[in-house]
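1. sequence and predicted structure are below.
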Amino acid sequence: MKLLVAVDGSEHSDRAVDYVLDHWHRFDPDLQLVLCHGDPPLPPHVGNALGSTAVGEYHADNAAKALQSARSKLESAGVRAEVHSSVGDPAEVILGAIKKHAADLVVMGTHGRSGLRKLLLGSVASKLLASSPVPVLVVR
């Protein structure tokens with residue numbers, strides 16, 4: 001079984017990682033884990049002003065920060081994970097990672113927004129629940 005854990009460096013994604021570690025024994029003993037992070041692209045005018053090198057460093061730094069806590073938690077628990085990180089709409093990056101890594105399940109945290117805030121801000125979890133070809137376990 002291959003499990004994809006979507007992370008963004010927030011306390012919500014930390015809870016998803018904690019959930020996986022707390023329930024590790026319930027999964028397939030040969031479980032493979034993939035940490036996935038999608039970094040939203042900069043607006044084109046910002047990217048053009050900064051240049052490709054600075055933009056690349058910006059996204060690499062964001063990815064490192066977003067993955068740091070999850071990697072630390074997994075390392076402390078003795079769990080190995082592959083990493084998939086890409087620049088793009090986070091939901092689209094996760095959907096691409098599901099296919100690329102042949103994931104069987106996605107685990108992710110949610111900010112728990114509702115009502116008007118959810119409509120205005122969008123929701124990666126909502127997009128995945130509507131579009132994912134595999135089950136999505138949302139941890140609050």
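-> Yep, it's here.
2. quick one: which helix or strand includes Val106?
-> strand 105-109 (DSSP states H and E).
3. tell me the contacts of the residue nearest to Pro41 when sequence neighbours are not counted?
-> Distances taken as CB to CB, 6 or more residues apart in numbering place Val87 nearest to Pro41, at 5.4 Å, with adjacent residues excluded. Where you see a C-beta, it was placed from the backbone N, CA and C, and this is true even at glycine. Each residue near Val87 by CB atoms under 8 Å, 6 or more residues apart in numbering is listed here: 38-41, 59, 93.
4. if you set the cut-off to 7 Å instead, what comes out?
-> Counting by CB atoms under 7 Å, 6 or more residues apart in numbering, Val87 makes contact with 39, 41, 59.
5. backbone dihedrals for it, both of them.
-> phi -90, psi 130 (degrees, to the nearest 10).
6. strands of the protein, start to end?
-> Assigned by DSSP state E, the chain shows strands spanning 2-6, 32-39, 82-87, 105-109, 136-139.
7. centre of the chain to the shortest one, how far?
-> Centroid separation for strand 136-139 versus its chain: 12 Å, with CA atoms, centre = their mean, to the nearest Å.
8. same check, this time on stretch 39-57
-> 21 Å.
9. same question, stretch 4-11
-> 4 Å.
10. in it, what's buried?
-> Neighbour-count burial for stretch 4-11, counted by 16 or more other CB atoms under 10 Å, picks out 4-9.
11. looking at this structure, which helix or strand is least sure?
-> Counting by mean pLDDT, DSSP states H and E, the chain has its least confident helix or strand at helix 115-121, which shows a mean of 50.
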